[in-house]
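>>> quick one, structure for this:
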Amino acid sequence: MRPQLRCGKGLTLALFILSGMGIGSDAFADGEKPAKQDKKTEPATLPMSSISREAWLRPPTTPLQAGEIDQLVDRELKKIGIRPTRLTTDEQFLRRVWLDVTGKLPMPADVQEFLADRDPNKRAKVIDRLLETDDYANHWASYWHDVITSRLSDVRGRLLARSFTAWLAGRLKQNKSWGEIAHAALTATGKASFADPTQNGQAFFLASRLGADAVTEQAAETSRVFLGIQIQCAQCHDHPSDVWKREQFHEFAAYFARVQSRPFQDGGKRLAGLQLISRAFGEHRMPGKKDPKQTTAMSPRFIDGTSTGAGKSDLDRRRSLADAIVSKSNPWFAGAYVNRTWGELMGQAFYQPVDDLGPLKEAAMPEVLVRVAAAFRGSDYNIKQLFRALLNSKTYQRQMRPGETAEEHLLFAAAYPRRLDANSLWQSLELSLGKMGGPQFRGTKAGPFAALQGLEFVFKDEFGFDPSSRPEEVEGSVTQALLMMNNPTINDKIKAGGKNLLARILKSYPNDDEALRMLYLRTLARRPTDRERDRCRAHIAGAGRAEAFEDILWALLNSTEFQTRR
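Sure, this is the predicted structure:
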């Protein structure tokens with residue numbers, strides 16, 4: 001398929017192939033069918049309820065035993081008559097776990113080696129191996145980068161994100177506890193440079209909030225990210241659907257009253273970075289309800305009512321807040337992390353959206369959540385230990401089943417599909433086509449505000465989304481479709497000539513079936529089904545080898561399967 005024919009014969013042929021591949025639904029092995037679901041339709045039977053603070057703290061904090069998560073989930077499913085889907089095939093599992101842990105597709109050799117391995121513990125072994133890679137640390141640092149920057153509006157704050165991602169990747173690689181990471185981010189001081197990603201990356205979380213609303217933004221993001229609580233909803237008035245009061249938000253904001261983010265310059269008088277300054281005096285003031293100019297000085301107080309005291313220094317206040325947040329007696333910290341991580345790995349979280357927990361909010365299967373969160377607290381917030389427990393569960397390894405409606409909660413009886421994040425989709429594209437060049441600075445002077453250009457930057461900007469959104473809220477766009485279908489750089493890489501990857505595959509595999517198998521492994525991390533192979537054979541016979549394989553590759557890249565985690 002030649003790019004200039006993309007809207008003519010080439011497009012018609014490619015869409016013909018795409019329609020017969022079964023792409024857009026889960027790819028089952030020949031003859032294999034997804035398990036039928038026996039489910040009740042009465043919403044009142046669904047195991048959803050609010051969780052009190054006492055309920056959070058009730059379960060034992062002992063480590064999760066092998067199979068315990070599945071026992072808890074299956075017990076809840078039996079109560080409501082839902083039968084879970086069967087387990088993934090080896091190909092389905094390997095693609096899913098590679099994308100979830102590393103943000104990358106497995107190479108064809110990885111797939112073939114895994115399929116040939118007869119060890120019954122091979123899934124656990126690959127999980128252990130992936131969690132020790134740099135790709136794991138980089139992928140999840142990138143995830144938290146997106147969580148935080150998605151709510152940032154000041155471009156100066158965004159420029160520090162690179163240093164934060166590098167800092168966090170280093171901590172994840174060392175398996176530092178989530179408590180230690182959160183504590184460091186909330187108590188950071190000093191300068192963070194735009195040009196040096198190795199310098200003080202933990203300062204990004206607070207330093208990226210600038211201007212008159214910095215204090216309230218710091219408070220809102222601290223609560224949302226580390227507690228999973230949208231306490232900012234009570235900033236102006238008592239929230240009618242939650243327990244948080246207006247005074248509680250402003251007491252929480254008072255922890256940040258004496259820290260200020262300021263820009264600093266380099267020797268050439270250019271903006272070089274941001275620094276956190278601790279002021280000796282100053283209190284956060286709550287505006288009056290009737291007259292915003294009538295303000296009240298607020299003393300720092302945690303959401304559980306614990307007071308810190310108004311006279312303490314900035315760093316003492318923030319240390320006190322960090323201590324309260326990571327305390328084992330505060331269930332929201334562990335609950336927020338488990339809920340968010342579970343949602344990323346299972347496709348749906350207990351609370352949806354993932355950053356809106358609360359005493360009056362309802363969670364799916366609360367008994368499961370509080371037990372997993374208790375084990376996370378008991379492990380001193382050991383991130384890799386939690387990942388191993390979740391990834392090794394049958395609940396994680398179940399096949400995909402979309403909901404009957406976009407809002408339906410599958411209650412973890414099946415995996416829920418979600419779109420790949422922009423970074424993972426870009427890496428999958430480069431694995432399938434080869435390197436396409438990174439972002440470049442426009443102009444000769446690469447100062448902190450120099451504009452970026454290049455396909456990678458455009459691609460990630462177009463496909464980016466807030467990872468705290470519900471999966472069903474993340475929708476594709478016409479612009480995204482056109483970028484994948486008609487971008488000249490991508491089309492040039494799809495050609496079956498020159499030094500392109502497709503050309504090398506066709507040269508190395510003169511047998512069409514073998515070339516087709518390698519193309520599927522490279523793009524979808526699986527072999528083609530018999531039906532797909534028959535369709536492709538027919539198209540190759542009618543269109544000619546080179547053009548037909550270009551059509552097939554184009555169709556695979558534009559399939560739902562390629563662009564989703566399933």
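>>> contacts and neighbour counts: CA atoms only from here.
Will do.
>>> any low-confidence regions in the stretch 451-566 of the chain?
451-453 (pLDDT under 70).
>>> strands along the chain, start to end?
48-49, 190-193, 259-265, 271-278, 285-287, 295-297, 363-364, 418-419, 440-441, 452-453, 564-565 (DSSP state E).
>>> the third one pairs with which strands, and in what direction?
Strands adjacent to strand 259-265 in the sheet, as given by DSSP bridges, are strand 271-278 (antiparallel).
>>> if we can go back for a sec, check the strands of the chain for me: which has the lowest mean pLDDT.
Mean pLDDT values for those show the minimum at strand 440-441, a mean of 47.
>>> on that earlier part again, and of the strands of the chain, who's closest to Gly311?
Comparison of these against Gly311 by Cα to Cα identifies strand 295-297 as nearest, at 12.2 Å.
>>> circling back: so which of the strands of the chain gets nearest Leu431?
Nearest to Leu431 among these is strand 564-565 (15.4 Å), distances taken as Cα to Cα.
>>> what comes into contact with that closest one?
96, 99, 417-420 (Cα atoms under 8 Å, 6 or more residues apart in numbering).
>>> mind putting those residues in CSV, distance to Arg301 and neighbour count included?
Converted to CSV, the contacts of strand 564-565 look like this (distance: Cα to Cα, whole Å; neighbours: other Cα atoms under 10 Å):
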residue, distance to Arg301, neighbour count
Arg96, 43, 24
Leu99, 41, 23
Pro417, 41, 22
Arg418, 39, 21
Arg419, 40, 22
Leu420, 39, 22
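>>> go through the residues you listed and name the one nearest Leu524.
Relative to Leu524, and with distances defined as Cα to Cα, the nearest of the contacts of strand 564-565 is Arg96, at 10.6 Å.
>>> so for the closest one, what's the pLDDT?
Reported pLDDT for Arg96: 98.
>>> that one against Arg566, yeah?
Yes. Look at Arg96 against Arg566 with Cα atoms under 8 Å: they come within range, at 6.4 Å.
>>> thinking again about what came up before, so for Ser329, which of the strands of the chain sits nearest?
strand 363-364 (20.4 Å).
>>> can you give me how far the closest one is from the chain middle?
How far strand 363-364 lies from its chain's middle: 20 Å, per Cα atoms, centre = their mean, to the nearest Å.
>>> for the stretch 101-250 of the chain, just list every one of the helices.
For the stretch 101-250 of the chain, the helices defined by DSSP state H, counting those that start in this stretch occupy 108-116, 122-131, 134-149, 155-158, 161-173, 178-186, 204-207, 214-226, 246-253.
>>> which of those is buried the deepest?
Most buried of these, by mean neighbour count (mean count of other Cα atoms under 10 Å): helix 204-207, with a mean of 28.
>>> nearest to Arg279, of the contacts of strand 564-565?
Comparing the contacts of strand 564-565 against Arg279 with Cα to Cα places Leu420 closest, at 42.8 Å.
>>> how many neighbours does the residue nearest to that closest one when sequence neighbours are not counted have?
In space, and not counting its chain neighbours, Leu420 is closest to Thr564: 5.0 Å by Cα to Cα, 6 or more residues apart in numbering. By the measure other Cα atoms under 10 Å, the count of residues near Thr564 is 17.
>>> quickly note the distance from Thr564 to Met518.
Taking Cα to Cα, to the nearest Å as the measure, Thr564 falls 20 Å from Met518.
>>> my guess is Pro60 contacts Arg371. True?
Yes. In this structure Pro60 lies within contact range of Arg371 using Cα under 8 Å: 7.1 Å.
>>> in the stretch 251-400 of the chain, which spans are helices?
Under the criterion DSSP H, counting those that start in this stretch, the stretch 251-400 of the chain contains helices at 314-326, 331-346, 366-378, 383-391.
>>> so what does the third one touch, helix or strand wise?
Right, the one you point to is helix 366-378. In terms of contacts (3 or more Cα pairs under 8 Å, 6 or more residues apart in numbering; DSSP states H and E), helix 366-378 is packed against helix 53-57, helix 68-79, helix 331-346.
>>> ok, and what's touching it?
47-51, 55-57, 59-64, 69, 72-73, 328, 331, 334-335, 338-339, 350, 382, 386.
>>> what's the spacing between it and its chain's center?
On Cα atoms, centre = their mean, the centre of helix 366-378 falls 21 Å from that of its chain.
>>> from Ser208, how far out is Pro366?
From Pro366 to Ser208 the distance is 35 Å (Cα to Cα).
>>> the two: who's more crowded?
In terms of neighbours (other Cα under 10 Å), Ser208 is the more surrounded of Pro366 and Ser208; the figures are 28 against 19.
>>> just list the residues touching the more buried one, thanks.
Taking Cα under 8 Å, 6+ apart as the criterion, Ser208 is in contact with 152, 154, 156-158, 160, 261, 274.
>>> for the residue nearest to Leu420, list each beta-bridge partner.
Beta-bridge partners of Thr564, counted by DSSP bridges, are Arg419.
>>> which one of the strands of the chain lies nearest to Thr306?
Of the strands of the chain, nearest to Thr306 by Cα to Cα is strand 295-297, at 17.4 Å.
>>> show me what that closest one is packed up against.
strand 285-287.
>>> just checking: what are the partner strands of the strand it packs on?
Strand 285-287 has these partner strands in its sheet, going by DSSP bridges: strand 295-297 (antiparallel).
>>> list the buried residues of the partner strand.
Buried residues in strand 295-297, counted by 16 or more other Cα atoms under 10 Å: none are found.
>>> pull the residues that contact that strand.
Under Cα under 8 Å, 6+ apart, the answer for strand 295-297 is 283-288.
>>> dump the residue contacts of the closest residue to Gln232 other than its chain neighbours.
Nearest non-adjacent residue to Gln232, counting by Cα to Cα, 6+ apart: Ala220, 5.2 Å away. Ala220 is in contact with 230-232, 253, counting by Cα under 8 Å, 6+ apart.
>>> cool, Gly347 as well?
415-418, 471.
>>> and for Phe459?
422, 426, 483.
>>> then Gln202?
163-164, 167-168, 184-185, 188.
>>> can we see that at 10 Å?
Neighbouring residues of Gln202 by Cα atoms under 10 Å, 6 or more residues apart in numbering: 160-161, 163-168, 181-189, 192.
>>> any idea how far it lies from Ile181?
8 Å.
>>> between the two ends of stretch 492-504, how far is it?
14 Å.
>>> how far is it from where the chain is centred?
32 Å.
>>> would you mind listing the buried residues in that stretch?
Neighbour-count burial for stretch 492-504 [16+ other Cα under 10 Å]: 492-497, 500-503.
>>> which residues sit against it?
Stretch 492-504 has contacts (Cα under 10 Å, 6+ apart) with 1-3, 430-436, 486, 488, 505-509, 515, 518-519, 522, 545-554, 557.
>>> again, 7 Å this time
Outside stretch 492-504, the residues within contact range by Cα atoms under 7 Å, 6 or more residues apart in numbering are 433-434, 546, 550, 553-554.
>>> for those, give me TSV that also has neighbour count and distance to Glu113.
Formatted as TSV, those follow (neighbours: other Cα atoms under 10 Å; distance: Cα to Cα, whole Å):
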residue	neighbour count	distance to Glu113
Leu433	22	22
Gly434	17	22
Ala546	17	29
Glu550	24	27
Leu553	24	24
Trp554	25	27
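>>> okay, Ala310: pLDDT?
Looking at Ala310, its pLDDT is 68.
>>> typed the wrong thing, it's Asp314
pLDDT at Asp314 comes out at 95.
>>> ok, now the one 3 residues further on?
pLDDT, the model's per-residue confidence, is 96 for Arg317.
>>> dump the residue contacts of it.
Arg317 sits next to 255, 308 when contact means Cα under 7 Å, 6+ apart.
>>> how far away is it from Arg258?
Separation of Arg317 from Arg258 (Cα to Cα): 9 Å.
>>> just Ala496 next, same as before
61 Å.
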